[in-house]
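**Student:** quick one, fold the following:
(one chain, ligands or ions: 1)
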Amino acid sequence: MSLGELIDLQIRTNGPMSVATYMGLSLTHPRLGYYKGADPLGAKGDFITAPEVSQMFGELVGFFLVNLWQQMKEPRSFTLLELGPGRGTLMSDVMRVAQRAEGFANAAHLQLFETNPVLKAEQEKRLAQYLPYWADEIGALSDDPLLVVANEFFDALPIRQFVRGEDAWHERQIGLRDGKRAFGLSPTPIPAEVLPEEVRDAPPGSIYEAGIAAGEVMATLAEKIAAQGGAILAIDYGYGRTQTGETLQAVARHAYADPLEAPGEADLSAHVDFDALGKVATKAGLVVQPLTPQGLFLKRIGIGERAAALARANPGEMDAIEAALKRLIAPDQMGDLFKVFVAASPGISPVGVGR
Ligand code: SAH
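**Tutor:** Numbers count the residues shown, from 1 in each chain. Predicted coordinates:
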């Protein structure tokens, strides 16, 4: 039975399901979920990410993390946690440059949070020398200081959607119409007070997306960081003010697809509400930096110099390096679409972020 058939059966027996339930099943159903199958990344896969574009991305994140560690007075033991490490490319680039900072690699206990067995095997190969540990649960961490990094992870977590009807807000659901999966609304109205103030009075037809799972992950980690010291760096497409607008999307083989068409076969994601995540982190006691576009962040922490040095060392690859640089920082490519979110213990001044 395909995941689509399984979902249809569930709808027929239990009634329509929320967008969050649908997204959760599509991505992480234990056998048939999108993130349980093949490696989705790269030219032959469904999409490409910044660390896969160029080693420069991970190297600069490495410098950024070393700087945080130095500001934390170089703890001799700390947890370096990556959420959704993909092929392990980002972390292997991070660790390669971080070895230049004496003591960092020895102090770092590498912990990885990953749901995809194929990617986990890649990570095992790529990162074996750093003796990583795979956590089944995000909160299962030691009492050491904690540095967290996540590239394109939060966008993969299930969201709920709410639609402003003529009378009130209703949760959006997925049901069956003439035997085909279709969006509809739960008949139960949602009291406006449970929605953030910024969206409550939006006109009929508006859609509000709530990143409930992302908020839970952030709360768990922010509380840990507030108690133990450290920071979280999350890079993703997203927005800096809570707002209405639908961003749920499906991507398969580098093209947009219908999110309801073939669950489990396309990547589903939604833009991250960094405003909401920032509020969660602030509440836990962290200092949240202004959201910064990826291009600006990378330029400030030295991607121009890094590209020039790489090109000098590999003159034959000058054009490829130049193209990768452009892809990562140009405003019409990844430079503006992707945003850099940093929340840290009070007293730390993360570099590259802010106005
Ligand atoms: N950070 C990598 C991969 C991004 S793709 C890169 O930039 O290339 C999203 C990653 O998050 C994948 O590794 C995916 O398997 C993982 N992932 C998605 N949902 C997850 C979940 N619920 N729990 C753990 N890992 C998850």
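**Student:** can you give me the strands for the stretch 201-350 of the chain?
**Tutor:** Listed in chain order, the strands of the stretch 201-350 of the chain (DSSP state E, counting those that start in this stretch) span 207-210, 230-239, 249-252, 255-257, 267-269, 272-273, 287-288, 292-293, 338-344.
**Student:** need the ones you listed in CSV (columns: mean pLDDT).
**Tutor:** Converted to CSV, the strands of the stretch 201-350 of the chain look like this (pLDDT from 0 to 100):
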stretch, mean pLDDT
strand 207-210, 98
strand 230-239, 97
strand 249-252, 94
strand 255-257, 93
strand 267-269, 95
strand 272-273, 98
strand 287-288, 98
strand 292-293, 98
strand 338-344, 98
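**Student:** up against the ligand, what does this structure have?
**Tutor:** 27-28, 35, 41, 49, 51-52, 84-86, 90, 113-116, 119, 151-153, 156 (C-beta under 6 Å from any ligand atom). C-beta: built from backbone N, CA, C; applies to glycine.
**Student:** skipping adjacent residues, who's closest to the residue of the stretch 1-150 of the chain found nearest the ligand in space?
**Tutor:** Nearest residue of the stretch 1-150 of the chain to the ligand, counting by C-beta to the nearest ligand atom: residue 84, 2.2 Å away. The shortest distance from residue 84 to any non-neighbouring residue, by C-beta to C-beta, 6 or more residues apart in numbering, is to residue 153 (3.6 Å).
**Student:** all helices for the stretch 201-350 of the chain, in order.
**Tutor:** Ranges of helices in the stretch 201-350 of the chain, per DSSP state H, counting those that start in this stretch, are 212-228, 274-284, 294-300, 303-313, 318-329, 334-337.
**Student:** rewinding a little: mind giving me the ChimeraX select for the residues of the chain next to the ligand, buried ones only?
**Tutor:** In ChimeraX syntax, the buried subset of those is picked out as below (16 or more other C-beta atoms under 10 Å):
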select :27,28,35,41,49,51,52,84,85,86,90,113,114,116,119,151,152,153,156
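**Student:** the residue of the chain most remote from its centre and residue 326, how far apart?
**Tutor:** Going by C-alpha atoms, centre = their mean, the residue of the chain most distant from its centre is residue 178, 35.7 Å out. Going from residue 178 to residue 326 by C-beta to C-beta, to the nearest Å gives 47 Å.
**Student:** please apply the same query to residue 139.
**Tutor:** 39 Å.
**Student:** if I pick residue 105, what's in contact with it?
**Tutor:** 95, 98-99, 130 (C-beta atoms under 8 Å, 6 or more residues apart in numbering).
**Student:** please pick the buried ones from these.
**Tutor:** Neighbour counting with 16+ other C-beta under 10 Å marks 95, 98, 130 as buried within the contacts of residue 105.
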